[in-house]
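J.: Curious how this folds, go ahead:
(chains A and B)
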Protein chains: 2
Amino acid sequence: MTRFFSPGSIAIVGVSKRTSGLGGMAYLSYLLESGFPGRLYPINPKASEIRGLRVYPSLTSLPEVPELVIVCVPAAQVPSVLEECARNGLKHIYILSAGFRETGTEEGKRLEEEIATIARQRDLLIMGPNCMGPYCPSSRLTMWGAIPGRVGELGIISQSGGITQRLTEYTCFLGVGVHKAASIGNATVLDSTDYLEFMAQDEGIRVIAMYLESVRDGKRLFHLVREVNRQKPIIVLKGGETQAGASTVASHTGTMAGEQRLWEAFIRQTGVIQVLSMNEWVDAILAFYHLPGPRGKGIFLVGGGGGNSVLHADTCIREGLDVPNLSGANMERLRRIVPMAGSIAGNPLDLWSTFQDKACLAEILEMGYSDPHIHMIVVDRLIPRKVYHMPDMPDSTAEVIDFIKENRHKKPTIFTVESEGGDPDLASKGSVLRAQFCEAGIPAYPSLERAARALRHLQCYHARFGT
Amino acid sequence: MTRFFSPGSIAIVGVSKRTSGLGGMAYLSYLLESGFPGRLYPINPKASEIRGLRVYPSLTSLPEVPELVIVCVPAAQVPSVLEECARNGLKHIYILSAGFRETGTEEGKRLEEEIATIARQRDLLIMGPNCMGPYCPSSRLTMWGAIPGRVGELGIISQSGGITQRLTEYTCFLGVGVHKAASIGNATVLDSTDYLEFMAQDEGIRVIAMYLESVRDGKRLFHLVREVNRQKPIIVLKGGETQAGASTVASHTGTMAGEQRLWEAFIRQTGVIQVLSMNEWVDAILAFYHLPGPRGKGIFLVGGGGGNSVLHADTCIREGLDVPNLSGANMERLRRIVPMAGSIAGNPLDLWSTFQDKACLAEILEMGYSDPHIHMIVVDRLIPRKVYHMPDMPDSTAEVIDFIKENRHKKPTIFTVESEGGDPDLASKGSVLRAQFCEAGIPAYPSLERAARALRHLQCYHARFGT
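T.: As a prediction, this is how the structure comes out:
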């Protein structure tokens, strides 16, 4: 399957200057802009040149057998394109076109069955239809959008093109690079299990994110996920778990979402990491991508604000984590540093100086790293306070990052950078800070709720599979 | 109690040039900067002038009896200041100072009991101690921070100064103004019930937000909340519901968080709106502040993206809302507009043109407003796509807002503006858009999950108390 992700040459069937939006022309433009190094062959019987490239009337007229064909013609024309591919010895085909089983029409259903039959009879590997296909920043195969893409170790398998595109854009600024992503749509020929088997073997992939709406061979998926997940954490967002969601699945990828009860058993028995939203997915990916496994549930909450400390403790406990007392020696050290009035010496720690004074923060972190009850640390970065109240405070982020990288002793250490509120300046500064931590491999989350959920996923996984 | 929020004159006891951070000097500066129109009397026996104001050595030496006294001296000196207040006929006193029962020391406990005794014997009204006191933008009493404050109809009662300050900053950019806020800390003399009774009578207050850690008279709170909540929705964030949270409450406001079981019964029986985090609090406030009560659970999800549609439907169902089919006539209209391939005609609606074409969006909204199955509408604004892929697309937000305000027929209509991902430009543009909707009285949320939860709170409240 490697060829889907690093083809030496690509033919695009259905490139029209007149069409705007998602399609052959957009793909061609993005491939040119991203500097795709292979040969590109636009196919259109009515044009001779597009964007400086020679246009060919058919696959048969090409000067070579292209390694990948992208099919962007209307659904009804897809079967004849597939026959042409087969006649010319083409094997790897990605079908963008929609208009199949997901339309709910007899004609759509028949066309999709025809694709499956041709693929079986002519031994074709088909990605799609009704999807956004392959994405691989290291090959400069980034035809999904305006963002150049970041090379990394995340693998993505997804039945939604929009969601996959958004995920690659979202993670790009948060220090998470993508090795290979496959938007697989109706998954008529190659199914999620095929891609998962492939990514399991791919040494460039360390963490796998899946968005699933359905699966053809549940038993195979079960065995595969159970095996692969032990080696490479698989974080699954499952669509269609409610009746309204499932009926939307039928209109989206023309598939059956399956029974929720079965999926629950699947999750429990495989130990796969299940998330319920795009944000929870990204949050968990950040944790699994950047952090070592925690050796327990004990979390040290470092921040400022009494009310915040109360709420943060509540949140961690609700998520199933622990907020233990520090060891006696550390509590004695804390009582020496923390003022009696207006602060809280303990866990959570309410101490403003951790925000303003990097030596103080380092000393506090030291206590967490040395404390046997503590397995993870969250530092609240109080960005609204800095932006609104102390705009001229010197920024010690770089030094704080260096300290953590040198001293963390494999205890997951993360930040919360809260920057909501409709104020564009606050939002922008919060984003910069969040990206700065994430780029350094230190996940930063927009709220403690989301941070705690991500750490809980990480802790559960390592409690079950950690060595 | 009105005088706490609109005093004609304020004496600040404990204004020192040497002290930085929260304290008398900071309060004085903020009051001067915000243009507080009353007389200000800094008290400090060792200074003669501060920031151009004459400094007085004691309360006794003032040229008038000030309407409010702010006490910022160390805890041990507070009782003697209170005696001086009483001697000079001062009645309204706000104590910022911390260092009482919350320290866990015998001395702190004794000092707090002394405050209570003096207040009782000398008939003093005391806000605090260990808190940030009163806030009232219409009186320019905004001594908490750098943001000028927005005048509006929200009332806030809170046992955390930091959380209250953040809430007033947070809502300021989201179209929600504050009428009066009280940060009440240890609530030694005046308790949350006293403030609630006062705000219930205050005609300028329409929605009440409470952050509670404890309550002295649970029975009184129960009866009061049950009665007031029917007239003015009360949105409660309760800290200390877990063991770790409750022990933090003891260190924060020196109070008892109470049994979780009792609080759950309290919530159930009063029908008060309970939220679990700062973000959920703000989200619910936005909904109750801006939206009419929905007449049912039926939600129409308008947006783009097949995977998003699936997940959004799942999320709404999980929250206890309905995603019903549109009426037959509307489905027929939809089938005529929505392309067969690559879109979904139905609810959720997956149709890109609702994003790009304001006439199309208006037609779709029209269907929702006229449909008997639909009681609320959420429109996904797809901000990442605009920022990354269509930066030059003309902005139709103002026209969309006008259309909704004229046509919504009291059906709550909200937007989701997703703009996370560590990209500062995306974050900033998303914030601007979110603020633009909110300023127009149309709540906009950063995710569908949060929007659905807020609508669910609104729907539950109106199902129980709506007329």
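J.: how many neighbours does the residue in the stretch 351-467 of chain A positioned nearest to chain B have?
T.: Relative to chain B, the nearest point of the stretch 351-467 of chain A is residue A:422 (3.3 Å; Cβ to the nearest Cβ). Quick note: C-beta positions are derived from backbone N, CA and C, even for glycine. Using other Cβ atoms under 10 Å in any protein chain shown, residue A:422 has 28 neighbouring residues.
J.: Could I get the pLDDT score of the closest residue to it other than its chain neighbours?
T.: In space, residue A:422 comes closest to residue B:173 once its chain neighbours are excluded; the distance is 3.3 Å by Cβ to Cβ, 6 or more residues apart in numbering or on different chains. pLDDT recorded at residue B:173 is 93.
J.: Equivalent analysis for residue A:385, please.
T.: So residue A:385 comes in at 87 (pLDDT).
J.: shouldn't it be in contact with residue A:393?
T.: No - Residue A:385 lies out of contact with residue A:393 (Cβ atoms under 8 Å); the separation is 9.3 Å.
J.: more crowded one of these two?
T.: Neighbour totals were compared for residue A:385 and residue A:393, and residue A:385 leads with 22 against 12 (other Cβ under 10 Å).
J.: Now do the same contact list for that one.
T.: Residue A:385 makes contact with A:304, A:355, according to Cβ atoms under 8 Å, 6 or more residues apart in numbering or on different chains.
J.: May I ask which helix or strand encompasses it?
T.: Using DSSP states H and E, residue A:385 sits in helix A:383-389.
J.: quick one, what contacts the residue of the stretch 351-467 of chain A closest to chain B?
T.: Residue A:422 touches B:170, B:173, B:174, B:431, B:434, B:435, B:438, counting by Cβ under 8 Å, 6+ apart.
J.: Using JSON lines, please lay out those residues together with secondary structure and neighbour count.
T.: Listed next are the contacts of residue A:422 as JSON lines, based on DSSP: H, G, I helix; E, B strand; the rest coil; neighbours: other Cβ atoms under 10 Å in any protein chain shown:
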{"residue": "B:170", "secondary structure": "helix", "neighbour count": "25"}
{"residue": "B:173", "secondary structure": "coil", "neighbour count": "23"}
{"residue": "B:174", "secondary structure": "coil", "neighbour count": "24"}
{"residue": "B:431", "secondary structure": "helix", "neighbour count": "27"}
{"residue": "B:434", "secondary structure": "helix", "neighbour count": "30"}
{"residue": "B:435", "secondary structure": "helix", "neighbour count": "21"}
{"residue": "B:438", "secondary structure": "helix", "neighbour count": "24"}
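J.: Just give me the residue closest to the centre of chain A.
T.: By Cα atoms, centre = their mean, chain A has its centre lying nearest to residue A:167, at 4.8 Å.
J.: how about that one, what does it touch?
T.: Contacts for residue A:167 (Cβ under 8 Å, 6+ apart) come out as A:156, A:158, A:181, A:209, A:278, A:281, A:282.
J.: just checking, which of these belong to strands?
T.: In this view, these that belong to strands under DSSP state E are A:156, A:158, A:181, A:209.
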